[in-house]
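1. fold the stuff below for me.
(one chain, ligands or ions: 1)
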Amino acid sequence: MSVSEKDKLFVWHPFTHQLTAKPAITIVKGEGVYFFEDKGNKYIDAISSWWVNLHGHCNPYISKKVSEQLLNLEHSIFSDFTHVPAVTLAERLLGHLPNNQSKIFYSDNGSTAVEVALKMTLQYWHNQKINKPLFIAFENAYHGDTFGGMSVGARNVFNNAFENSLFNVAHIPLPTKENIIELKNTIQLWSEQHEIAGFIFEPIVQGASGMLMYEAELLDEIIAICNQNNIITIADEVMTGFGRTGKFFANDHLKNKADIICLSKGLTGGYMPLGVTSCAQFIYDAFLSEDKTKTFFHGHSYTANPTACSAALASLDLLEKEETWQQIKMIEEQHLQFKKKIETNSKLKDVRVQGTIIAFELQTEEQTHYLNNASQTISDFFLQKGILLRPLGNIFYILPPYVITKEELSYIYASIEEFLK
Ligand SMILES: *Cc1c(COP(=O)(O)O)cnc(C)c1O
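-> Residues are numbered from 1 along each chain as shown. Below you'll find the predicted structure:
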C-alpha cells in the first residue's frame, strides 16, 4: 500500500472534506521554498505551509540550532523550573515587541495563545472584583479553533455546529473611513451600557476570512476609544507577526499599542508549535497578590518547550539580519508591481497587498465564501503548475517564505496571469 492509501485508511485531516478529498500528496523532503513529492514532483510552497514558514524549509541554520538543543535538553516541566532558551527568547521577544509589553506567557499554538489572552483579560477584572464578562471582536474574525477562539471569531461555517456552546461576543464591522465615527460611538455607548472586558482583533490583516485588509489609522482610533473606556485590547498577531505585514509586528504600524499580544505561526520560523501571549505590566500586576486564588491557573504540558524555543531563537537570529528585511521589501515591491499590472483584470473583484501578502478575489457567480467552488479549480490549476496555493473559497493569495527569489515570484505571477486567461 502507498503512503497516501494508508493515509486514507488511518488519518483524518484538518479542514478537509474527507469524502471528496483527493489522495493526499506525500511530501518526502523540504528545501527552501520547495516541497518534494515521493513521485518526484516539486512544489513551491507559496503559502508558507499555512503561514508558518519564514526562512524556507529545512533552513540549515535553524536545523543546526535545533539539533544542538536536542542533544542538550529536549523538554522540561515549566513550573518551578526554567531554562535558558525560554528566558533568552522572552528577553529577545520583548526587545522587538512594543515598549508597553513586559511579560511573556508561553503555550504551544495560536489558539492557546488566544485562549490565554482571553482568560488573562477576564481574570484581570475578576481579580479586582470587577464584573466585566463581555468581549468585542470584528465580524469575519478568526482567532483559532478552541472554544474561546471560536467564540470571539466570526459565526460561520467553521463553527455552526458549536454555536450553542459559544459565549456571547459583540461583533463590529471592520473600520472604514465611512463607518469609523459610528463605530466609535457604538463602542462608547456599549461601554456605558455593558460590562466590556476586552476587544480582540487581527491587526490590519484578517487572515482566514480572506486576507481582508484595513487601515492602521482607523484601528488606532478604535484602540483609543477602548483605552478611554477601560477595555483591554488584545492584538492577535498569530498570522501578522514576524515581518508578514512589512514590519516586525503589525502593532508597529500602530500608534496605540495593544495591552496583550498573541504570537505563534512564524514564531519558530515554522519549525515547531509554540505560542506566546505577552502582556503589559498592569495586567501582570493584577495577578500579584498574597491571595493565592488570584494565581493564573493555566498551563500546557509542553509550555515553553526548549526545542521549540531554540527554533524561535534561531529564527530571530535570521530575522535580525539586514538581508531578511531586504527580501521582505523585495517581496512587497514585486507584489505591488504585479498588483498594478493585474488589478484591471475583469476576472478579479479585488487585488490587495500588505507587506509580503498579496490576495486576489476572484469574480464568481457564487458569492465570496469559504465554500465557494472556485477553490478546487484554483488549487488544481496551480498544483499542476508546481505551486502550492490553498484558496479561501474564491480568494487566493501568495504569502511566501522570505527566501523566495524574484524569479520564483515571477513564475507564480505568470501562472496567475495564465489562470486568469
Ligand atoms: C492561525 C491563527 C490562529 C490559530 O492558530 P493555530 O496555531 O492554528 O491554533 C489564531 N489566530 C489567527 C489570527 C490565526 O491566523
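2. quick check, pLDDT for Lys65.
-> Note for Lys65: predicted pLDDT of 98.
3. got the contact list for the closest residue to Ser264 other than its chain neighbours?
-> Using C-beta to C-beta, 6 or more residues apart in numbering and skipping residues adjacent in sequence, the residue nearest Ser264 is Gly110, 3.7 Å away. Quick note: C-beta positions are derived from backbone N, CA and C, even for glycine. Contacts for Gly110 (C-beta atoms under 8 Å, 6 or more residues apart in numbering) come out as 144, 236, 238-239, 262, 264-265, 275.
4. from those residues, pick the one nearest Glu332.
-> Glu332 lies nearest to Met239 out of these, by C-beta to C-beta, at 16.3 Å.
5. hmm, that closest one is touching Trp51, no?
-> Yes. Met239 is within contact range of Trp51, at 5.3 Å (criterion: C-beta atoms under 8 Å).
6. between those two, which contacts overlap?
-> Contact criterion C-beta under 8 Å, 6+ apart; residues bridging Met239 and Trp51 by contacting each: 207, 265.
7. from Cys262, how far out is the residue nearest to Ser264?
-> 7 Å (C-beta to C-beta, to the nearest Å).
8. joint contacts of these two?
-> In contact with both Gly110 and Cys262: 236, 238, 275, using C-beta under 8 Å, 6+ apart.
9. give me the pLDDT value at the second one.
-> Val238 is assigned a pLDDT of 98 by the prediction.
10. over to the last one?
-> Residue-level confidence at Gly275 comes out at 98, pLDDT.
11. now it, what are its backbone angles?
-> phi -130, psi 150 (degrees, to the nearest 10).
12. quick one, what contacts it?
-> Contacts for Gly275 (C-beta under 8 Å, 6+ apart) come out as 106-113, 116, 238, 262-264, 267.
13. enumerate the residues of the stretch 51-200 of the chain near the ligand.
-> Selection of the stretch 51-200 of the chain residues close to the ligand by C-beta under 6 Å from any ligand atom yields 109-111, 114, 142-144.
14. quick one, what contacts the residue in the stretch 301-421 of the chain positioned nearest to the ligand?
-> Nearest residue of the stretch 301-421 of the chain to the ligand: Leu399, at 10.8 Å (C-beta to the nearest ligand atom). Under the criterion of C-beta under 8 Å, 6+ apart, the neighbours of Leu399 are 46-48, 51, 211, 244, 356-357.
15. looking at the residues you listed, which are in strands?
-> The strands, defined by DSSP state E, take in Ile357 from the contacts of Leu399.
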